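Visitor: Fold the following and give me the result.
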Amino acid sequence: MLFFPPLSLTFGTEGAMSLLSIAVAVLQLYYVAVRVVVQQLFSRALPTPEFPVQKGAVAFVTGGGSGIGYHTAKHLAKLGMHVIIAAHNEDECRQAVRTIKEETQNEKAGVMLVPKRETVDGFEEHFGLNYLGHFLLTNLLLDTLKKTGTNRYSARIVTMASAVHYAGELHLDDLQSSCYYSPHGAYAQSKLALVLFTYHLHHHLTEEGSHVTANAVDPGVVNTELYKNTSWPVRLVKWMTSWLFMRTPEEGAATTIYAAGAPELEGIGGCYLYNGAKTQSSDLSYDEELQRRLWTASCKMTGVPDVTGICAGK
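Guide: Take a look at the predicted model:
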């Protein structure tokens, strides 16, 4: 990301070029995002998958207190899985568990476009909550996942991405968006980071011979609380049209459920899934050097050891 000194925004040709660079970058971001979103708005939602009972399996669902995460947790609980829900709102999380238990009779039962602010650890909120938190949690659970995966039943890591990643750019020299902050750019970057992370993680797990797979899923354009930080005109349009064009959280959970339980995905990873099918993600997401550099930076930011051995020169 470019750094723009105060005077460059006001005086001279350099300032004009800086403003032009910002305008072009913003317009390009919106063009790509709108094109993909419009395409998804008119695509048919995947019906909620139906699988055989999977008693004995354990599912750890982040963001399971509401929206897509809640419906994912509820459906997996219906399959007989031991579901663990993680959410930043404890009251909401407890209510979700109670409701799921009541509806399924199973006793085992993110942020978007926010103003610039930081997590308690000092990370830019989009990057910290949408990406770094998942990176850290996955690494902390990785040894357990490796121990539980078997030849017959691989452990599965499912990452919630978004079509917005197609418009994302990764600024390794400014992952915190401190030089220039755009809510849309920060959100797109966090979702691109999740896809890059997923691909690199699966490549490492495959090389290691682990019975663990990692896939990224795209839920489509879903009517959730993530839109609460958008401008009032956007919220008005959403309120007027969501019933016609947007998917419900239950419909949005379909691909996540598919990735978590589909028998045909046994042992298959490194995929970007949309509407229950493998789909091409952005060209940038396949950049292996960018994947490695992001992984290394993420290890340093979270303080976890680099299990892939990149820093050790492997």
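Visitor: rest of the way, CA atoms for contacts and neighbours
Guide: Noted.
Visitor: Could you list the domains of the chain?
Guide: 48-109, 110-305 (automatic domain parsing).
Visitor: And those domains: which comes nearest Gln39?
Guide: domain 110-305 (9.7 Å; C-alpha to C-alpha).
Visitor: Tell me the gap between that closest one and the middle of its chain.
Guide: Domain 110-305 sits 2 Å away from the centroid of its parent chain (C-alpha atoms, centre = their mean, to the nearest Å).
Visitor: Redo the domains of the chain as a markdown table? Include mean neighbour count and mean pLDDT.
Guide: As requested, these are arranged in a markdown table below (neighbours: other C-alpha atoms under 10 Å; pLDDT from 0 to 100):
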| stretch | mean neighbour count | mean pLDDT |
| --- | --- | --- |
| domain 48-109 | 18 | 85 |
| domain 110-305 | 19 | 86 |
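Visitor: Output those domains in a markdown table; the columns should cover distance to Gln39.
Guide: Shown next, in a markdown table, are the domains of the chain (distance: least, C-alpha to C-alpha, whole Å):
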| stretch | distance to Gln39 |
| --- | --- |
| domain 48-109 | 20 |
| domain 110-305 | 10 |
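Visitor: Helices of the protein, start to end?
Guide: Along the chain, counting by DSSP state H, helices occupy 12-41, 67-78, 90-104, 125, 133-148, 183-208, 232-245, 249-252, 254-261, 288-302.
Visitor: so which of the ones you listed comes closest to Val222?
Guide: Closest among the helices of the chain, using C-alpha to C-alpha: helix 249-252, at 5.9 Å.
Visitor: quick one: contacts of that closest one?
Guide: Helix 249-252 has contacts (C-alpha atoms under 8 Å, 6 or more residues apart in numbering) with 45-48, 67-68, 71-72, 219-224.
Visitor: go on, stretch 255-270?
Guide: 46, 48-49, 51, 72, 75-76, 153-154, 156-158, 160, 198-199, 202-203, 211-219, 273-276.
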